[in-house]
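S.K.: Sharing a model that was predicted from the sequence below.
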Amino acid sequence: MFRRGRARVAELSRRVHPELEGMAYSMLGYIEQAGRVRVTDVGLHFAVGKATVSRQIRALEELGLVAREADPLDRRAAFVSLTEDGRRRYLTARDVRMRRVREVLGGWSQEDVVRFAELLHRFNDVIGEPSAE
């Protein structure tokens, strides 16, 4: 499941831009939902360090997918948002992904879809918790 998920994200990343990394695709999704978000909040959301998020955001900027602007209240901080091209490319890739999900689940009963969603939420809740190991 995880291997297929990584492969799917890599494929979607290439749909957005041939040079886009998988992690950066996920960041685009978060930024698209947030609208305009601090770079530090992107790092917190993905639980990655400042260097990693800075590298990914810089790559997204270089590809013309996001725009960075200084926080007028704190010049040390920056906000990012999708460019028009970034939004268009991300939404196009997302629509392809969602169309595929609808195709796969189209033959399932409503009851099966609801149960699958419940189990997926449960799985995500559990996997999101820190391990006791």
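M.R.: Nice, thanks for sending it over. Computed from a predicted model, the values in this text were never measured in an experiment. Residues are numbered from 1 along each chain as shown.
S.K.: Who are the contact partners of Ser13?
M.R.: Residues counted as contacts of Ser13 (Cβ atoms under 8 Å, 6 or more residues apart in numbering) are Leu20, Glu21, Gly22, Ala24, Tyr25. C-betas here are computed from N, CA, C, even on glycine.
S.K.: Contacts for the longest strand seen in the chain, please.
M.R.: As assigned by DSSP state E, the longest strand anywhere in the chain is strand 74-82. For strand 74-82, contacts defined as Cβ under 8 Å, 6+ apart pick out 28, 31-32, 35-40, 42, 57, 60, 65-71, 90.
S.K.: Repeat that for stretch 34-50.
M.R.: For stretch 34-50, using Cβ under 8 Å, 6+ apart, the contacting residues are 23, 26-27, 30-31, 52-54, 56-57, 68, 71, 77-81.
S.K.: Can you give me the neighbour number for Val113?
M.R.: 12 (other Cβ atoms under 10 Å).
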